[in-house]
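Novice: Give me the fold of what follows.
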Amino acid sequence: MFWYFVKLLILLPLVGGMAFGALWLWRKYQPGMMGQQGDRSLKLLEALPMGAFGKLAVVEFEGKKILLSVTRGRIEKIAEGDHARLR
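Specialist: From the prediction side, this is the model:
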């Protein structure tokens, strides 16, 4: 019984640390949401989950903001506006 508690005290923080590390890495390197986009011509400004499989995304391309609907099977442009008007 003593060895059970020793293993528990060693393995429980180890498993918790691995779970925390995996979630931190997933958040940091989540595809499409990199913090530093630099001088790219296409920038993802915001993404909002809509249900289980869809997202609304606002991208900036050549000074224009474009609202996109993104699902598993397709990407559709919903609206487009210039940079100054949609601020």
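
Novice: For Glu80, grab phi and psi.
Specialist: Dihedral pair for Glu80: phi -140, psi 140, per degrees, to the nearest 10.

Novice: Over to Ile75?
Specialist: phi -130, psi 130.

Novice: what sits against it?
Specialist: Contact analysis of Ile75 by C-beta atoms under 8 Å, 6 or more residues apart in numbering lists 68-69. C-beta here means a position set from N, CA and C on the backbone, and glycine is covered the same way.

Novice: Strand partners (parallel or antiparallel) of whichever strand or helix holds Lys65?
Specialist: Assigned by DSSP states H and E, Lys65 falls within strand 64-70. Paired neighbours of strand 64-70 in the sheet (DSSP bridges): strand 54-61 (antiparallel), strand 75-82 (antiparallel).

Novice: For those, could you give me a markdown table that also reports mean pLDDT and distance to Asp39?
Specialist: Shown next, in a markdown table, are those (pLDDT from 0 to 100; distance: least, C-beta to C-beta, whole Å):
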| stretch | mean pLDDT | distance to Asp39 |
| --- | --- | --- |
| strand 54-61 | 91 | 12 |
| strand 75-82 | 89 | 20 |
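
Novice: Packed most tightly, which of those would that be?
Specialist: strand 54-61 (a mean of 15; mean count of other C-beta atoms under 10 Å).

Novice: for the strand holding Lys65, which positions count as buried?
Specialist: Buried residues in strand 64-70, counting neighbours by 16 or more other C-beta atoms under 10 Å, are found at 65-68, 70.
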